[in-house]
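J.: model the structure of this input:
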Amino acid sequence: MIDRVRNIPYSPPKDFLRGDRKVSGIREQATLTSKGQITLPKAIRQALGVSQGGKLTFELRGEEIVVSRSDEPHRDPAIGAFLALLEADIRQGRNIGSLPEELVDAMLEAAESDSVDDQDIEGEVDI
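T.: Numbering: from 1, shown residues only. Modelled structure (predicted):
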């Protein structure tokens, strides 16, 4: 019997959806694991319309976190700032040099290859 109940799709209360606007009406709790992970409660996943592999955006507002479905790729502000700096340098012709020929050849060869190097990495890796 419990398995039949678990498989019933969640239907939000009638007043939860008003036109294109979602009205808050679901409050769920999750437990943080030792690895800093949570399981997003089923009611929240269904209300957001996300399933396995779906992308979520987390926005910190004071002491609250707003979770929303992410329909666009994640944009890292640090990478964005770096790319803007790099673009400015290129436009002004500063700090621009050619890549070593061996590196260009290796990059082209890797880009054309269908194989994936799945060998274990030996030693320590600093990230």
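
J.: now do the same end-to-end measure for stretch 101-121.
T.: 26 Å (Cα to Cα, to the nearest Å).

J.: low-confidence stretches in this protein?
T.: 1-24, 73-74, 114-119, 127 (pLDDT under 70).

J.: show me the domain layout of it.
T.: 2-69, 77-110 (automatic domain parsing).

J.: can you give me the buried ones in the helix or strand Ala43 falls within?
T.: Assigned by DSSP states H and E, Ala43 belongs to helix 42-48. For helix 42-48, a neighbour-count test (16 or more other Cβ atoms under 10 Å) marks 44-45, 47-48 as buried. Bear in mind the C-beta positions are built from the backbone N, C-alpha and C, glycine included.

J.: helix, strand, or coil at Val67?
T.: strand (DSSP: H, G, I helix; E, B strand; the rest coil).

J.: for the longest helix seen in the chain, give me every contacting residue.
T.: When the chain is parsed with DSSP state H, its longest helix is helix 77-92. Defining contact as Cβ atoms under 8 Å, 6 or more residues apart in numbering, one finds that helix 77-92 is touched by 95-96.

J.: ok, back up a step: what about the helix holding Ala43, distance to the chain center?
T.: Put simply, helix 42-48 sits 17 Å off its chain's centre (Cα atoms, centre = their mean, to the nearest Å).

J.: one more: stretch 46-55?
T.: With Cα atoms, centre = their mean, you get 12 Å for stretch 46-55.

J.: repeat that for stretch 32-52.
T.: For stretch 32-52 - counting by Cα atoms, centre = their mean - the centre lies 14 Å from the chain centre.

J.: again with stretch 71-78
T.: The answer for stretch 71-78 is 8 Å, by Cα atoms, centre = their mean.
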